[in-house]
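K.L.:
Test case, fold it:
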Amino acid sequence: MVIKFIRFGLLITTIQFILGASCNKDNSRPCRNGYSFDATSIWNPEKQTYTVGDTIILSSEISKTLNDLVNPSLVINYSNTIAIGGGIGIGYLDTITRTALPGRNYFDLVTVIGSLTESSVAPDQGPAFIYKETLDKYELKVGLICKQKGIYGLSVSNLKSPGIRGKNCTNADFSMTVTNPDKHISLYQYALGFLPDADGMKRIYCFRVQ
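P.N.:
Okay, here's the model as predicted:
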């Protein structure tokens with residue numbers, strides 16, 4: 001249940017924030033068959049238990065030289081994009097009702113590299129983010145400051161880009177994987193009574209705040 005909830009929130013924030021008016025403003029028209037790339041991210045510090053006031057940082061880097069997943073021999077220079085972005089789904093894992101509840105209000109946001117924005121459609125489900133473009137890559141470093149005790153699940157969405165500025169049919173989807181060696185899935189199972197599906201396992205990170 002938590003994965004479905006988080007995915008719904010991320011779909012709203014990603015489409016709203018990334019694929020809005022900026023596409024027309026920067027003169028790039030998406031096509032049905034765009035590029036497909038991989039992306040990775042990691043949460044630090046890697047702990048199962050945090051205390052109120054601790055900050056959990058999400059870090060990610062994407063090279064500007066990318067291989068298309070559909071055609072791996074195709075090497076793309078993906079510089080000067082309109083934006084690359086996605087979202088963080090925040091679920092409060094309620095051990096009493098065995099359900100995932102909206103958890104955005106239990107954290108403050110902090111931006112180090114890139115940007116975060118609240119969703120005007122589903123503000124209680126989690127923020128959207130945009131990577132910062134640097135000389136040879138795209139970077140993201142954003143944080144959540146713990147405000148309330150409980151068990152939580154964070155899910156990083158797959159990413160989207162409307163395309164390269166001034167070039168049509170260069171829109172892209174990025175398949176995201178969270179690379180923490182221990183994602184503390186046992187907390188998820190303890191709280192909800194079941195495990196995430198295979199896709200959820202790739203992108204979720206669980207922890208306790210005490």
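
K.L.:
in the protein, which ranges drop under the pLDDT threshold?
P.N.:
Scanning the chain for pLDDT under 70 picks out 1-27, 120-121.

K.L.:
Which stretches in it count as helices?
P.N.:
Using DSSP state H, the helices of the chain run over 2-18, 22-25, 185-192, 198-203.

K.L.:
What is the neighbour count of N77?
P.N.:
9 (other Cβ atoms under 10 Å). In short, each C-beta sits where N, CA and C put it, glycine included.

K.L.:
got the contact list for the closest residue to S60 other than its chain neighbours?
P.N.:
Nearest residue to S60 in three dimensions, chain neighbours excluded: S41, at 3.8 Å (Cβ to Cβ, 6 or more residues apart in numbering). Contact analysis of S41 by Cβ atoms under 8 Å, 6 or more residues apart in numbering lists 58-60, 140, 156, 176-179.

K.L.:
and if you look at D124?
P.N.:
Contacts of D124 by Cβ under 8 Å, 6+ apart are 102-105.

K.L.:
again, but for E139
P.N.:
E139 neighbours (Cβ under 8 Å, 6+ apart): 60-62, 113-114, 131-132.

K.L.:
From the residues you listed, keep the buried residues only.
P.N.:
Neighbour counting with 16 or more other Cβ atoms under 10 Å marks 60-62, 114, 131 as buried within the contacts of E139.
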